[in-house]
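Chemist: Sequence first, predicted coordinates after that:
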Amino acid sequence: MAAKHTVVLVPGDGIGPEITGAVLRILAAAGVEIEWERHVAGTESLATLGTPLPDTLLAAIEKHGVALKGPLTTPVASGFPSVNVALRKHFDLYANLRPVKTLPGMATHHGEIDLVIVRENTEDLYSGLEHVVVPGVVESLKIITEKACTRIAEFGFQFAEQNGRQTVSAVHKANIMKLSDGLFLDCCRKVATRHGSVAYNEVIVDNAAMQLVMRPRQFDTLLLENLYGDILSDLCAGLVGGLGLCPGANLGPRCAIFEAVHGSAPDIAGLGVANPTALLLAALLMLRQLEERAAADRIEAALVQVMQEPARRTRDLGGEATTSQFAEAIAAVIEAG
Ligand code: ATP
């Protein structure tokens, strides 16, 4: 019998295959009927297929509309351009949604945090438009458009409305970048007037960074351009226990790609110690989008139960479990229930 869903799976680089294996084990324990269509990308497909972003992968995502993606390494300062960025552009995945929530039982400096990052995903300094003007001088273009700002602001306010959130905070540097970030703010303000049930305020990005470190619970939904969203996402991950705990969804009109916020973590790749929770939480976002809410709830409850015992956590959270021991512990709770 055919599975209920077909999802494109890109295990990715570095710790990608380890955490992907763990997530598949846990989803299988919950009995979710998913046929996984595996594809390679990045360094692996460059070596085997001669391109970091194969057409077969693009066609598969186009066809099935949903992908779960492990981290893909982007070479620093040279080599091929980011595959993550290319995928977002190709499929117009303009909204990057990153929930940052304290898992029950996790001790953090600030108590319970529950905020959401809504990051514009297609433009800003990620347009990849850089050139050498003359030797020793490089120009990197920050592209900000009314269309993209309005679209992400509309997404952010709608998300807030539909998820019972109270306040959207636009994060900017319009005091310095008066035209580009000024346009972003203009768009946010206009969209805010159409969503009167959600409060709206503005925070300068450097102040936002400090406020997040000192009093993060004042924030609810953060609306950001691409670069500020990237940087503050990692900061926010640190507030709830680290990169191993934060999922992300890249959403567009035709398809969605779910992934962990973190990168390929080459420093721990192959050691079997990576925390698969971020990718697991991304898979739960995906399951909820696929209307598999009951399975997502069961998996989340099992995750929370295992997390209650510090020794059963992975090393990044001070525990002793390997990636697969952690996954087996969650799978065992699901199977026992
Ligand atoms: P990128 O540039 O690809 O976003 P990055 O610079 O954010 O990557 P990561 O690969 O995310 O870097 O790793 C940052 C640090 O966090 C590393 O020390 C890494 O080992 C750790 N880390 C990241 N993800 C995990 C995880 N799932 N489990 C444990 N540690 C992790």
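Modeler: Good, I have the coordinates.
Chemist: Report how many residues lie close to T221.
Modeler: T221 is flanked by 24 other residues according to other C-beta atoms under 10 Å. For the C-beta atoms, the positions are set from N, CA and C on the backbone; glycine is no exception.
Chemist: got it, and G128?
Modeler: Neighbours around G128, by other C-beta under 10 Å: 13.
Chemist: now do L212
Modeler: Residues lying near L212 (other C-beta under 10 Å) number 24.
Chemist: Which residue comes closest to it once chain neighbours are left out?
Modeler: Of all residues beyond its chain neighbours, the one nearest L212 is L235 (5.8 Å), with distances taken as C-beta to C-beta, 6 or more residues apart in numbering.
Chemist: The helix or strand hosting that neighbour: what's the following helix or strand?
Modeler: For L235, the host element (DSSP states H and E) is helix 226-239. Using DSSP H and E, the helix or strand that directly follows helix 226-239 along the chain is strand 247-251.
Chemist: Mind listing the residues bridging to S140?
Modeler: E130 (DSSP bridges).
Chemist: was I right about it contacting L125?
Modeler: Yes - using C-beta atoms under 8 Å, S140 is in contact with L125, at 6.1 Å.
Chemist: What part of this protein, helix or strand, is modelled with the least confidence?
Modeler: helix 43-49 (a mean of 88; mean pLDDT, DSSP states H and E).
Chemist: ok, the residue nearest to L212 - contacts?
Modeler: A209, L212, V213 (C-beta atoms under 8 Å, 6 or more residues apart in numbering).
Chemist: Take the residues you listed and lay them out in JSON lines including distance to R98 and secondary structure.
Modeler: Listed next are the contacts of L235 as JSON lines, based on distance: C-beta to C-beta, whole Å; DSSP: H, G, I helix; E, B strand; the rest coil:
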{"residue": "A209", "distance to R98": "16", "secondary structure": "helix"}
{"residue": "L212", "distance to R98": "13", "secondary structure": "helix"}
{"residue": "V213", "distance to R98": "17", "secondary structure": "helix"}
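Chemist: And the residue of the stretch 201-337 of the chain closest to the ligand?
Modeler: Sorted by distance to the ligand under C-beta to the nearest ligand atom, the residues of the stretch 201-337 of the chain start with G263, at 2.2 Å.
Chemist: Which helix or strand contains that residue?
Modeler: Using DSSP H and E, no helix or strand contains G263.
Chemist: Run through the residues that contact the closest residue to it other than its chain neighbours.
Modeler: Using C-beta to C-beta, 6+ apart and skipping residues adjacent in sequence, the residue nearest G263 is P71, 5.0 Å away. Contacts for P71 (C-beta under 8 Å, 6+ apart) come out as G12, D13, G14, I15, G16, E259, A260, H262, G263, S264, A265.
Chemist: residue ranges with poor pLDDT in this structure?
Modeler: Flagging of the chain using pLDDT under 70 yields the residue ranges 1.
Chemist: what's downstream of the longest helix seen in it, the next helix or strand?
Modeler: In the chain, taking DSSP state H as the definition, the longest helix is helix 146-162. Of the helices and strands lying after helix 146-162 in sequence (DSSP H and E), the nearest is strand 167-172.
Chemist: Tell me how far that next one lies from the chain's centre.
Modeler: Counting by C-alpha atoms, centre = their mean, to the nearest Å, strand 167-172 is centred 18 Å from the centre of its parent chain.
Chemist: Tell me what the spatially most central residue of the chain is bridged to.
Modeler: Nearest to the geometric centre of the chain sits G248, at 2.0 Å (C-alpha atoms, centre = their mean). Per DSSP bridges, the residues bridged to G248 are E259.
Chemist: Perfect, I'm done here.
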